[in-house]
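**Student:** Quick one: sequence plus predicted model below, questions after.
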Amino acid sequence: MPEYQFANRGGSIVTEDYNRNTYLSAEQVLKSLEDAFKLFPYTVEINQVDNFEDVFHVTYQEEYGFGDIYICGKGTTPGGRQGLKDEQRIQPKAKYLNYVYDRQVEGKKGVFLGVYSRDGQTVFCTWKVIQSNAASPETPISKQIKIDSIAKAMQEGFVQHDKGRGEYACAFKPEFLYFYLKNSDWLHTGTINELAEHTPPEKEDVELNDVSTEIMFNTGLQSKYPRNRIIFGAPGTGKSFTLNQQRKDLLGKNNESDYERVTFHPDYSYANFVGTYKPVMVTHPSSKQLDKDTQHVISVLTDQGKSAQEKYDLLFDKFKDEGLTRLPVLLGLYTDETFKTRKQDGSDAVGDNSVERNHGKAVRKYVSLLTGKEKTSDIAYEYVPGPFMRVYISALKNARTGNPKPHLLIIEEINRANVAAVFGEVFQLLDRDDDFVSEYPIQATEDIKKYLAKELGGEPNDYNKIKIPDNMFIWATMNSADQGVFPMDTAFKRRWDFTYLGIDDSEKDLIGKTVVLGTGNTRHKVEWNKLRKAINNFLAKEKINEDKQLGPYFIARNIVVPKEGEELDNEKFIHTFKSKVIMYLFEDAAKQKRPKLFEGCFENSSRYSEICQEFEKKGIGIFHHDIQLEAAPENLTDTSPAGDE
């Protein structure tokens, strides 16, 4: 079977055989659509059209801009055109596509869609709905899209693929489905940068002359700390604790505003880190448009500065020709105050229309009164910055002041994500010159230029080239012992200052801190730090690397460093030791050495639950004899003979 290209989660492209078991059925396509529509706060109903397996009817609430939507949808498969292994395609029957086309002619919304799914990530691919002239309604109609476009959509959210002849295919994550539906009339014939032509221009809040557009990258800020640094070491060596302490030294002990902390993970992407367009809820005046006369009446009725009589007098002329009895009813809806009424000729009315006024009061609780300030919510797409961009903006704003301060981005577990994909072109900015400014600027994307202009003032073209300023610091932690981490290439590593925390570098506060373990004649007191070192020495003799050994704070600092005294909380320590230390040794660091490491458990050394039970009874007696000797526990068993005084 020939090999094809596929896009993995995160946007990397691999070449491998096609597994036909991964093909999406019509039921799975339906599920993908249902999951996508659930991302938005509107109720929809989706059903397969009878006798049309690959056609789905979406009933959408009219008030949100859509009526019925008809989707010709199918799972994508690799290949298609001769010799092209870098494409995905769909092949619905002509009758399915033409059914959707006919609904579109009737004024409904039609969509021609393929569903690409891999590694738990879905990408929708769409093409313009065009009538098929195939000789048979059963003829498959093939549409293709390049795998590069799908990969880019995984990274950036939404892309257009130029098919030539002025036609574009689209590829996007499910969260962009609403954007696609709102703009599908032109997305297949115009480029995305035309979006501004479909939205009203924003009003300027300030005069351009009031905004300083000077970009300051070199503030002259001096610091003893490196700008780009990674602290790495074995688990529990205190990497995050060390960074946090040095963060306080860099920014100030009580400064909680000039830094952000983010944790990388396998699904983390450039869009998360730098920023991308995302759907956001916005409110705006209600789409229920009121004519000017009605707006005037509502404004008078809701005016808190006027009495009921003043409101009646102001509205008298308007209602005297329309039916004066309506006016007391309206006022009764909005106020409990009494007021005098008049006849059409202006003379006083008998009884002041109290019946009508009371009618208004009586039905008030059953109606929703207009105030003229109604709002409605909708979904809009805005550039949403990630932590890198937020800290970058803060640093540039501060650079314009006369008092430059450091701004810090902390990345925990940096190697748990694909850093090349997450940093993207920002990777180039990590090279700093002698002034600690990016040595090589990069060309900003249109999205980033517009966002920088919005936040910093000026025009987008003022930000064609961007650099990291000298007051922006990027610090990270890395644990190379973790399973499933992404390797870093040499080019990425050389742009960082690496600081290694040795396995015993932070042990000072642990010395002398003891815990009581075991029961009955195995009860003993042991120092956690001695036990940790004894386990590490055993692992080292078994040729297990240092980055797999136990750091001082493999068990949390608040457990192994008591606030008062030298003795640890017995119950907390035992619970944590079982769930962290024993589990880690059993499942990871000493997986191949279980019988020898846990020789004190005898035949139970291969079962985690049995080892934990033995630990509750024996304490460190579960371990190899060498570990027990080196840990030097204090025997707490009463061995005096009975009757001795």
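**Tutor:** Cool, got the structure.

**Student:** Poorly predicted segments of this structure, please.
**Tutor:** Along the chain, segments meeting pLDDT under 70 span 1-2, 61-66, 80-83, 191-214, 281-290, 352-353, 366-380, 480-485, 638-645.

**Student:** In it, which residue is most central in space?
**Tutor:** Centroid check for the chain by Cα atoms, centre = their mean gives Asn272 as the closest residue, at 5.9 Å.

**Student:** so which strand or helix has it?
**Tutor:** helix 270-273 (DSSP states H and E).

**Student:** and Asp313, backbone torsions?
**Tutor:** Asp313 adopts backbone torsions of phi -60, psi -40, taken as degrees, to the nearest 10.

**Student:** typo on my end, Gly346
**Tutor:** According to degrees, to the nearest 10, Gly346 has phi 100, psi -10.

**Student:** can you check Gly75 too?
**Tutor:** phi -70, psi 140.

**Student:** now swap in the one 10 residues further on and tell me
**Tutor:** Backbone geometry at Lys85, expressed as degrees, to the nearest 10, gives phi -100, psi 0.

**Student:** For it, give me its contacts.
**Tutor:** Contact partners of Lys85, counting by Cβ atoms under 8 Å, 6 or more residues apart in numbering, are Pro2, Glu3, Tyr4, Gln5, Thr15, Pro78, Gly79. Using the backbone N, CA and C atoms, a C-beta is placed for each residue, glycine as well.

**Student:** one more time with 7 Å, if that's ok
**Tutor:** Lys85 makes contacts with Pro2, Glu3, Tyr4, Gln5, Gly79, as judged by Cβ atoms under 7 Å, 6 or more residues apart in numbering.

**Student:** buried subset of those residues?
**Tutor:** Tyr4, Gln5, Gly79 (16 or more other Cβ atoms under 10 Å).

**Student:** Just the C-alphas of the helix holding Asn272, formatted as PDB.
**Tutor:** The C-alpha trace of helix 270-273 is given here as PDB (Å, rounded to 0.1, in the frame of the first residue of the first chain):
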ATOM      1  CA  TYR A 270       1.600  28.500  18.600                       C
ATOM      2  CA  ALA A 271      -2.000  29.800  18.700                       C
ATOM      3  CA  ASN A 272      -2.000  29.200  22.500                       C
ATOM      4  CA  PHE A 273       1.400  30.700  23.100                       C
END
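
**Student:** what does that helix rub up against?
**Tutor:** Gln155, Glu156, Gly157, Gly386, Pro387, Phe388, Ala421, Val422, Gly424.

**Student:** Might one say that the fourth one is in contact with Lys278?
**Tutor:** Spelled out, that is Gly386. No: in this structure, Gly386 is not within contact of Lys278 by Cβ atoms under 7 Å, at 10.4 Å.

**Student:** Have a look at those two and say which one is more surrounded.
**Tutor:** A direct count of neighbours by other Cβ atoms under 10 Å for Gly386 and Lys278 places Gly386 higher, at 20 against 17.

**Student:** For Tyr178, see how far away that one is.
**Tutor:** Applying Cβ to Cβ, to the nearest Å, the value for Gly386 to Tyr178 is 21 Å.

**Student:** Which parts of the stretch 401-550 of the chain are helices?
**Tutor:** Here the stretch 401-550 of the chain has its helices, by DSSP state H, counting those that start in this stretch, at 419-423, 446-456, 490-493, 528-541.

**Student:** Spit out the contact partners of the closest residue in space to Ala453 that isn't next to it in sequence.
**Tutor:** Residue nearest to Ala453 in three dimensions, not counting chain neighbours: Pro460, with 4.6 Å by Cβ to Cβ, 6 or more residues apart in numbering. By Cβ under 7 Å, 6+ apart, Pro460 lies in contact with Lys449, Lys450, Ala453.

**Student:** Which of those sits closest to Ser117?
**Tutor:** Of all those, Ser117 sits closest to Lys450, with 32.1 Å by Cβ to Cβ.

**Student:** ok, for that closest one, nearest residue in space, not its chain neighbours?
**Tutor:** Of all residues not flanking Lys450 in the chain, Pro460 sits nearest, at 5.0 Å (Cβ to Cβ, 6+ apart).

**Student:** how much space between that neighbour and Ile466?
**Tutor:** From Pro460 across to Ile466, the span is 12 Å (Cβ to Cβ).

**Student:** Kindly report the same for Lys109.
**Tutor:** Distance, Lys109 to Ile466, using Cβ to Cβ: 39 Å.

**Student:** With Glu571 instead?
**Tutor:** Remark: distance between Glu571 and Ile466 (Cβ to Cβ) = 54 Å.

**Student:** okay, the two: which has more neighbours?
**Tutor:** Ile466 (22 against 8).

**Student:** Could you list everything the more buried one pairs with in the sheet?
**Tutor:** For Ile466, the beta-bridge partners are Ile442 (DSSP bridges).

**Student:** wait, it sits on Ile442?
**Tutor:** Yes: using Cβ under 7 Å, Ile466 is in contact with Ile442, at 6.2 Å.

**Student:** Can you give me the domain boundaries for the chain?
**Tutor:** 3-198, 221-280+379-500, 292-373, 508-635 (automatic domain parsing).

**Student:** Tabulate these (TSV), appending distance to Ile215.
**Tutor:** Below are the domains of the chain laid out as TSV (distance: least, Cβ to Cβ, whole Å):
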stretch	distance to Ile215
domain 3-198	23
domain 221-280+379-500	7
domain 292-373	40
domain 508-635	42
